[in-house]
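Participant: Let me see the structure of the following:
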Amino acid sequence: MQVASATVQGVNRLTSRWAGATEGGTAFSAAGVWPLLAFLAGGAAGPARAELAEALGLPAEQAPGAARELLGTMGAMPGLNCALGLWTDRTLRLREEWRAGLPADSHGVLSGDRPTDQEALDAWAAKRTGGLVERMPVTLTDDARMVLATALALRTDWPRPFDEHPLRPDAGPWRGRTLVGLHRRSVRPDRIGVANTPHGFVTALKLPGDNGFDVHLVLGEERMTPGQVLTAGVGAVEGALPLTGGGQLPYGHVGPGLRIERQPALSPEPVTLDVTTTAFDVRADHDLLVLHRLFGLTTAQDTRQGHFPGISAEPLAIGAARQSTVAEFGALGFRAASVTAVMAAPGSAPPQYRYETTVVRAVLDRPFGFLAVHRETRLVLVAGWVTDPRPYQTMAFPGGF
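Facilitator: Next up, the predicted model:
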């Protein structure tokens, strides 16, 4: 199953809009919210239906089919676990045509015992995300009639790991801290580029994973906001924002955190890409109703009337909408463990340099953004902003993240 380009554009558009509303360190998944909004739109009426369609970027009548297609495509992606769950009160009767449009085996019934039901929902969230998210972001209330949820869990490894070392930035917000630095050198300068946006220059680095996913790191000028940088990153991912590749840039400082240098070499060498960045762990909880206009939930949360006659004849409104997201980036991949060792090697006579080579040197040692992207479809699955990178520890703990 192949997801339609209009759906990808709708999800990525929501990612950009959500990024524009973020402040500080965060992680979020528009791909996790979009299917829920789509199924709600299919059963909504009146202003709630129009607002949800605007948030989705698709007509409401097309949204449930697009959501099924999106979930099917994501579920077939190696390295991505994806699920949708629906739980309803025992007395709530759903419209059969709406319920039939959901993925098979997604419907469960709430027992009415709130602690037991909450435990079951929390267990579902933990199981579907491999324990990264330990509980359902919403807490059941006595008047809860229905819970609709998605779970995504993505993991990709680097075909060639980074080297891990202490990193001590000498300027910027992380100055004076000792961080887990990651370093790698390759002969693929085309994996980094610079874009000129209305708000300033952005450096974008693509790190391919081993199973069809890429992680893009984006660094903007210091005066730029996280939303401006991440929006530029989405544009670069989609190809709407042109990038000048590392191999076509002139010598000198050419973009945020990026320099093109000449370096002595023992033999003729191709242009190389030298990357230094930092490991990070980001956890964030979001109340989607705080950004109700962004998600098309303004009218839908008005409990004075029902807004979803296509879901049930019983009046329904949105009482809570939340998301919990975790992102981990390390030497081995997106969510990865690593072991670090220091080895002293014998010295040798000073080498005789006869050649020069070009090095595209990227250093991301101040707050930057990230985007986890499905390579083939260019669907952005997870995005975020790093303000508190992983501190360097003198001892490694096997099995830890």
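
Participant: what sits against residue 299?
Facilitator: When contacts are counted by Cβ atoms under 8 Å, 6 or more residues apart in numbering, residue 299 is found next to 46, 47, 48, 51, 307. All C-beta spots, glycine's among them, are computed from the backbone N, C-alpha and C.

Participant: May I see the residues you listed organised as TSV, with secondary structure added?
Facilitator: Below are the contacts of residue 299 laid out as TSV (DSSP: H, G, I helix; E, B strand; the rest coil):
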residue	secondary structure
46	helix
47	helix
48	helix
51	helix
307	coil
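
Participant: Just send these back as CSV, with neighbour count, distance to residue 300 and pLDDT too.
Facilitator: Listed next are the contacts of residue 299 as CSV, based on neighbours: other Cβ atoms under 10 Å; distance: Cβ to Cβ, whole Å; pLDDT from 0 to 100:
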residue, neighbour count, distance to residue 300, pLDDT
46, 13, 10, 94
47, 14, 9, 95
48, 26, 4, 93
51, 23, 7, 97
307, 26, 5, 89
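
Participant: For the nearest residue to residue 118 once chain neighbours are set aside, list the residues it contacts.
Facilitator: Leaving out its chain neighbours, the residue that sits closest to residue 118 by Cβ to Cβ, 6 or more residues apart in numbering is residue 140, at 5.0 Å. For residue 140, the contact set (Cβ under 8 Å, 6+ apart) comprises 110, 114, 117, 118, 121, 147.

Participant: let's see it at 7 Å
Facilitator: Contacts for residue 140 (Cβ atoms under 7 Å, 6 or more residues apart in numbering) come out as 114, 117, 118.

Participant: ditto for residue 126
Facilitator: Here residue 126 is in contact with 133, 134 (Cβ under 7 Å, 6+ apart).

Participant: Now it: which helix or strand?
Facilitator: Element membership for residue 126 (DSSP states H and E) is helix 114-128.

Participant: what comes up buried for that helix?
Facilitator: 117, 118, 120, 121, 122, 124, 125, 126, 128 (16 or more other Cβ atoms under 10 Å).

Participant: repeat for stretch 293-312
Facilitator: Within stretch 293-312, the residues scored as buried using 16+ other Cβ under 10 Å are 294-301, 306-312.

Participant: quick revisit: and the next helix or strand past the helix holding residue 126?
Facilitator: The helix or strand immediately downstream of helix 114-128 is strand 146-154, counting by DSSP H and E.

Participant: who does that following strand pair up with?
Facilitator: Here strand 146-154 is paired, per DSSP bridges, with strand 80-89 (antiparallel).

Participant: Let me see the mean pLDDT of the partner strand.
Facilitator: Strand 80-89 carries an average pLDDT of 88.

Participant: Tell me the helix or strand right after that strand.
Facilitator: Per DSSP H and E, the first helix or strand lying C-terminal to strand 80-89 is helix 96-99.

Participant: Send me that following helix as CSV with only the CA atoms.
Facilitator: Extracted C-alpha coordinates of helix 96-99, given in CSV (Å, rounded to 0.1, in the frame of the first residue of the first chain):
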residue,chain,number,x,y,z
GLU,A,96,-21.5,0.8,12.1
GLU,A,97,-20.3,2.6,8.9
TRP,A,98,-17.9,4.7,11.0
ARG,A,99,-16.6,1.8,13.1
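
Participant: List the buried residues in that helix.
Facilitator: Within helix 96-99, the residues scored as buried using 16+ other Cβ under 10 Å are 98, 99.

Participant: Equivalent analysis for stretch 369-389, please.
Facilitator: Buried residues in stretch 369-389, defined by neighbour count with 16+ other Cβ under 10 Å: 369-375, 377-387, 389.

Participant: so is residue 289 in a helix, a strand, or just coil?
Facilitator: Following three-state DSSP, we place residue 289 in the helix state.

Participant: was I right about it contacting residue 297?
Facilitator: Yes: Residue 289 lies in contact with residue 297 (Cβ atoms under 7 Å); the separation is 6.1 Å.

Participant: what touches both of these two?
Facilitator: Shared contacts of residue 289 and residue 297, counting by Cβ under 7 Å, 6+ apart, come down to residue 321.
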